[in-house]
Each structure stands twice: as structure tokens, then as C-alpha cells.
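In: Provide a 3D model corresponding to the input given below.
(one chain, ligands or ions: 1)
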Amino acid sequence: MQTLLIILFNAVLTSTILCLAERLNHNIPLGIKRSFCFRCQHQLSWYDLIPVISAILLHGHCRHCQFKFGMHYAHIELLGAMIG
Ligand SMILES: [Zn+2]
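Out: Numbering: from 1, shown residues only. The predicted structure follows:
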């Protein structure tokens, strides 16, 4: 149980770091609003933000506009979870 919690924590931590890096890269202020699609600006729901699982279920696309953000986020989140 403790190992599973550590893996989940590391996946969430990696996802958060990726989000912050992406916002800094696009000059978006940190902490202004929840995660959103860079193309359609639609605010993402909690079930769109589950590390690795959401990207797999959505095939790396935005649920609303089908913009392809790719699977590399899921790969990095999975790598971060496993390294932790
Ligand atoms: Zn979108």
C-alpha cells in the first residue's frame, strides 16, 4: 500500500512539474487558473488531469477540441512515478 501511494505521489508531482514548466514556457502566470487546453482554452476537469491514465484514455488529445498534445506527458509522468 505504501509503495502504491509513493508511486501515485510521484506521478502527481511529475505532472505538476510538467504543468509548471509548460506554463513558464508559454509565459502563462503560475496559479492564475486551473489547467486548460492551450488551443481551445477549455478548463480541464479533474478526470482529465489524472496522471498517465487520462492521457491514455484520451489518446493524447483534448476532450473538447481534439487538439493533440501527445503522449510524451504520460511517458514522462510514468517515468517520474517509476523513478520515485
Ligand atoms: Zn482543447
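
In: going forward, measure contacts and count neighbours with C-alpha atoms only.
Out: Noted.

In: which helix of this protein spans the most residues?
Out: What stands out as the longest helix in the chain, according to DSSP state H, is helix 2-25.

In: buried set for that one?
Out: For helix 2-25, the neighbour count (16 or more other CA atoms under 10 Å) marks 7, 8, 10, 11, 12, 13, 14, 15, 20, 23 as buried.

In: Equivalent analysis for stretch 41-61, please.
Out: Residues of stretch 41-61 classed as buried: 48, 49, 51, 52, 54, 55, 60, 61 (neighbour count, 16+ other CA under 10 Å).

In: so, in contact with the ion or not, stretch 69-80?
Out: No: counting by CA under 5 Å from the ion, the ion has no neighbours in stretch 69-80; the shortest distance is 9.2 Å.

In: Show me how far that stretch is from its chain's centre.
Out: Distance of stretch 69-80 from the chain centroid (CA atoms, centre = their mean, to the nearest Å) equals 8 Å.

In: Could you do stretch 37-44 as well?
Out: Distance of stretch 37-44 from the chain centroid (CA atoms, centre = their mean) equals 13 Å.

In: how far does it stretch from start to finish?
Out: Terminal residues of stretch 37-44 lie 7 Å apart, using CA to CA, to the nearest Å.

In: Okay then, goodbye and thanks.
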